[in-house]
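K.L.:
could you look at this predicted model? Sequence included:
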Amino acid sequence: MKAVELAQVRQCYGDFIALDNVSLSVQAGEVLGLFGHNGAGKTTSMKLILGLLQPSQGQVRVFGDSPRTVQVRQQIGYLPENVAFYPQLTGFETLRHFARLKSAPLSQVETLLDQVGLQHASHKRVKTYSKGMRQRLGLAQALLGKPQLLLLDEPTVGLDPIATGELYALIQRLREAGTAVILCSHVLSGVEAFIDRAAIMAGGQLRALGSLPALRAEVGLPSLIRVSGMPQAHEWHRQLLLDGYQARLLGEQNLEITAHNGAKQQLLKLLLEQGLPQDVEVRQASMEELYRHYMQAQSRIDKGA
Ligand SMILES: Nc1ncnc2c1ncn2[C@@H]1O[C@H](COP(=O)(O)OP(=O)(O)OP(=O)(O)O)[C@@H](O)[C@H]1O
């Protein structure tokens, strides 16, 4: 079931084209990472999915319907980039207020405060909350009503590393329960394990869309193989250079080799079977490296190179 579908969407603000010919879909139980530079069009895409904007051209469907219908809106949870609350209310009161607005059961309030780690502060006023605590409250607000589609705009801003890990674990649980999640973020480091696919936007257009293995294959960025505790590392180093690999000797028994996808498995097999290393580590291109690659390609296009 498609939770979200954008078909050839164009969004104009006056004469300015903020989104052009964007087509993408998100399935139930899928986490899509939506990445792009400042002004790329991520928030505009979110607003279209939320039904806050109507596309200038093309179609936006959420659960097969217009996002402007009440039934669809009730299935969407949204954490905006800059979340604002009444400072005088407590976290508990804030969430009850949002629960009423969303017609969500009030019984969810305590469970959600607990889920985002705010139980201890639920009766303190929001004005005393740290940035991370406000962000957690925003997340609890987005989860009211058990939405089937969750839109998270920069959810990790203000969260410490433990809270970031907890947020990703929560996203994982929601995905397993069938919730579709669109995660919009500038923080790419560590996001790989928690998204099913990535969409990379630049200048209002979709520049890349796919799973990480698919994007890695498309881009052809090499993997880094590190072998350690290999008895004849010097000989291996010499031979690998002769064979045309980029390889570095790190100490007496360790090697770092750059291997492109076609050669990677073959080389690993050889190293493991004949090099007899104590340990092997393979590092594939990260989301950050992929992103950088697409952005550099875009900048070359913009410069007319
Ligand atoms: N209401 C508006 N009126 C005019 N232009 C707008 C409006 N909202 C957004 N834009 C423009 O549309 C483009 C896309 O903006 P958008 O907020 O979608 O980008 P973004 O990818 O979310 O950026 P950021 O990462 O900085 O939040 C930008 O050039 C922005 O200036």
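P.N.:
All right, it came through fine.
K.L.:
how about low-confidence regions in the stretch 201-305 of the chain?
P.N.:
The model of the stretch 201-305 of the chain has pLDDT under 70 over residues 305.
K.L.:
quick one, strands of it?
P.N.:
205-210, 223-228, 246-250, 254-259, 279-283 (DSSP state E, counting those that start in this stretch).
K.L.:
of all those strands, which lies closest to the ligand?
P.N.:
strand 205-210 (11.4 Å; C-beta to the nearest ligand atom). To be clear about C-beta, it is placed using only N, CA and C from the backbone, and glycine gets the same treatment.
K.L.:
how far does that closest one sit from its chain's centre?
P.N.:
14 Å (C-alpha atoms, centre = their mean, to the nearest Å).
K.L.:
just stretch 147-161 next, same as before
P.N.:
Stretch 147-161 sits 10 Å away from the centroid of its parent chain (C-alpha atoms, centre = their mean).
K.L.:
so does that stretch get close to the ligand?
P.N.:
No. Using C-beta under 6 Å from any ligand atom, stretch 147-161 never reaches the ligand; the gap is at least 7.6 Å.
K.L.:
name the residues of that stretch that come out as buried.
P.N.:
Neighbour counts using 16 or more other C-beta atoms under 10 Å place 147-159 of stretch 147-161 among the buried residues.
K.L.:
for these, work out which two are farthest apart.
P.N.:
148 and 158 (26.3 Å; C-beta to C-beta).
K.L.:
mind listing the helices for the stretch 151-300 of the chain?
P.N.:
161-176, 212-219, 233-242, 261-270, 287-302 (DSSP state H, counting those that start in this stretch).
K.L.:
swap that for the stretch 1-150 of the chain, sorry
P.N.:
Going by DSSP H, counting those that start in this stretch, the stretch 1-150 of the chain shows helices at 42-50, 70-73, 91-101, 108-115, 131-143.
K.L.:
how far away is residue 219 from residue 203?
P.N.:
Computed as C-beta to C-beta, to the nearest Å, the residue 219 to residue 203 distance reads 19 Å.
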